[in-house]
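> Structure of the sequence below:
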Amino acid sequence: MIIQLEQKIKDNDKKAIVEKVNGLKYKTTEVTTQKGSYLIGIGKTDFDIREVGFMPGISDIHIVSDDYKLVSRKWKVKPTTIDLGDGVTINDKQLAIMAGPCSIEGEEQIQQTVEHLKANGVSIMRGGVYKPRSSPYSFRGLGIEGLKLWNKYAREAGIKIVTEVMQVSQIEEMYDYVDIYQVGARNTQNFNLLDELGKIDKAVMIKRGISGTIDELLYSAEYVFSGGNEKLLLCERGIRTYEKASRNTMDLNAIPILKEKTHLPVIADPSHGIGIRRHVEPIALASIMAGADGVIFENHSVPEEAFSDGQQTLDFDESARLIRRMRQTFELRESF
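Below you'll find the model as predicted:
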């Protein structure tokens with residue numbers, strides 16, 4: 001169960017609620033987030049919800065059968081809105097577009113990308129400064145200094161930043177320079193990292209694990225939420241299957257299923273989902289029709305010269321066309 005506590009609940013009322021729930025053979029965990037305080041009750045005994053619901057200090061109470069309770073749509077029917085400030089929000093009312101290079105490579109590239117995004121009305125830029133690479137000899141990013149340089153140009157243009165955090169020690173040093181921390185596919189079950197991201201007051205986007213299930217993605221989000229951070233997004237980026245014709249298998253099925261299971265925004269990543277430049281656009285458009293709240297994709301002025309992932313990266317002309325068509329597709333979806 002999820003018990004929403006009143007904002008100014010008295011200590012003795014809270015104690016009475018805990019004792020009552022424990023008496024029903026439910027284990028209680030208190031969760032305090034940016035938006036409220038909750039008691040999470042875990043147990044299997046059936047009981048009359050009225051035994052608890054009318055107790056002083058309770059704002060609302062919900063019975064949620066899912067193990068991932070706080071991210072479940074069964075208690076929070078209204079979809080979550082993520083407010084990044086300066087009028088930039090992510091929700092189900094508008095299409096969020098996030099674009100940029102796989103890796104931040106230098107000042108000129110940052111300037112070119114910022115100008116391209118601004119010209120096309122995109123207010124969130126993606127890019128990597130810490131890059132998890134399969135080969136230790138591949139480019140692994142410019143680190144914190146690259147992030148500071150990127151932040152300088154993005155802030156001047158009013159553009160928000162989403163970038164990957166790979167370990168707990170990076171969270172604090174990145175804090176002043178990012179708007180969305182991205183948890184990559186390799187770190188989806190790095191529970192120490194998820195715990196720490198639950199303690200901060202900035203948005204976190206969790207990508208689905210390379211071979212992760214939908215439920216496992218939701219459990220990962222539950223870690224962050226239960227740690228105190230409600231500013232969460234989920235990202236479908238394709239999974240590893242036996243198919244070799246594409247980089248990954250983009251699971252379009254996951255998008256409507258996630259929208260049904262959770263109140264959190266769902267973002268699609270067609271660049272990693274298929275990994276083939278000429279097919280990124282149709283997969284992006286299909287993701288929108290499947291119900292995605294946003295799309296994150298890779299672009300570069302000259303993809304053939306990109307330090308990483310050039311094979312799945314759009315040039316600026318292709319990017320501008322995709323942005324235009326994604327907005328048209330979203331309008332079409334909303335007209336149904």
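
> This structure: helices as residue ranges?
11-23, 50-53, 107-119, 143-157, 168-174, 191-197, 214-226, 254-261, 270-274, 277-290, 316-335 (DSSP state H).

> Can you get me a residue count around the closest residue to His263 other than its chain neighbours?
Nearest residue to His263 in three dimensions, chain neighbours excluded: Lys76, at 4.3 Å (C-beta to C-beta, 6 or more residues apart in numbering). The way it works is simple: take the backbone N, C-alpha and C, and place the C-beta from them, glycine included. By the criterion of other C-beta atoms under 10 Å, Lys76 has 18 neighbours.

> Just want the phi and psi numbers for Lys76.
The phi/psi pair for Lys76 (degrees, to the nearest 10) reads phi -120, psi 90.

> close enough to count as contact, it and Lys261?
No. The criterion here is C-beta atoms under 8 Å, and Lys76 misses it with Lys261 at 11.6 Å.

> Overlap in contacts, those two.
Residues touching both Lys76 and Lys261 (C-beta atoms under 8 Å, 6 or more residues apart in numbering): there are none.

> Which pLDDT value goes with Tyr137?
According to the per-residue confidence, Tyr137 scores 66 in pLDDT.

> mind checking how far the residue nearest to Lys44 when sequence neighbours are not counted is from Asp13?
Nearest non-adjacent residue to Lys44, counting by C-beta to C-beta, 6+ apart: Lys25, 7.9 Å away. Distance, Lys25 to Asp13, by C-beta to C-beta, to the nearest Å: 21 Å.

> Which of those two has more residues huddled nearby?
Asp13 (15 against 11).

> Report the contact partners of that one.
Asp13 touches 55-57, counting by C-beta under 8 Å, 6+ apart.

> Lys35 now?
Lys35 neighbours (C-beta under 8 Å, 6+ apart): Glu230.

> With His272 instead?
Per C-beta under 8 Å, 6+ apart, neighbours of His272: 185, 237-238, 247-248, 312.

> among those residues, who's most crowded?
Of these, with other C-beta under 10 Å as the count, Gly238 tops at 26 neighbours.

> Give me the spatial nearest neighbour of that residue, chain neighbours excluded.
Asn248 (3.0 Å).

> Is that neighbour in contact with Gly273, as I believe?
Yes. In terms of C-beta under 8 Å, Asn248 counts as a neighbour of Gly273; the distance is 5.8 Å.

> quick revisit: among the helices of the chain, which is nearest Ala96?
helix 316-335 (10.0 Å; C-beta to C-beta).

> Would you mind listing the buried residues in that closest one?
Judged by neighbour count using 16 or more other C-beta atoms under 10 Å, the buried positions of helix 316-335 are 316, 318-320, 322-323, 326-327, 329-330.

> Not counting that helix itself, show me its contacts.
94-95, 97, 99, 112, 116, 119-122, 277, 280-281, 284-285, 288-289, 291, 295, 297, 299-301, 314.

> rewinding a little: mark which of the contacts of Asp13 are buried, thanks.
Using 16+ other C-beta under 10 Å, the buried ones in the contacts of Asp13 are 55, 57.

> can you put the contacts of Asp13 in a markdown table and add distance to Lys152 and pLDDT?
Shown next, in a markdown table, are the contacts of Asp13 (distance: C-beta to C-beta, whole Å; pLDDT from 0 to 100):
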| residue | distance to Lys152 | pLDDT |
| --- | --- | --- |
| Met55 | 52 | 95 |
| Pro56 | 52 | 96 |
| Gly57 | 47 | 97 |
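
> Out of the contacts of Asp13, which comes closest to Glu156?
Looking across the contacts of Asp13 and measuring by C-beta to C-beta, the closest to Glu156 is Gly57, at 47.5 Å.

> where does the stretch 51-200 of the chain dip in pLDDT?
133-134, 137 (pLDDT under 70).

> Please repeat the previous calculation with a cut-off of 50.
In the prediction, the stretch 51-200 of the chain carries no residues with pLDDT under 50.

> Identify the residues contacting the nearest residue to Met250 once chain neighbours are set aside.
Using C-beta to C-beta, 6+ apart and skipping the chain neighbours, the partner closest in space to Met250 is Gly273 (3.2 Å). Applying C-beta under 8 Å, 6+ apart, we find Gly273 in contact with 236-238, 248-251, 283, 287.

> swap the cut-off to 7 Å and go again
237-238, 248, 250, 283 (C-beta atoms under 7 Å, 6 or more residues apart in numbering).

> Equivalent analysis for Leu84, please.
Per C-beta under 7 Å, 6+ apart, neighbours of Leu84: 160, 179, 203.

> show me what contacts the last one?
If I follow you right, that is Ala203. With the criterion set at C-beta under 7 Å, 6+ apart, Ala203 makes contact with 82, 84, 179-180, 231, 233.

> Cross these against strands and list the overlap.
Taking DSSP state E, the ones among those that sit in strands are 82, 180, 233.

> count of neighbours near the residue nearest to Gln167 when sequence neighbours are not counted?
Computed as C-beta to C-beta, 6+ apart, the closest residue to Gln167 that is not its neighbour in sequence is Leu193, at 6.6 Å. If you count neighbours by other C-beta under 10 Å, Leu193 ends up with 24.
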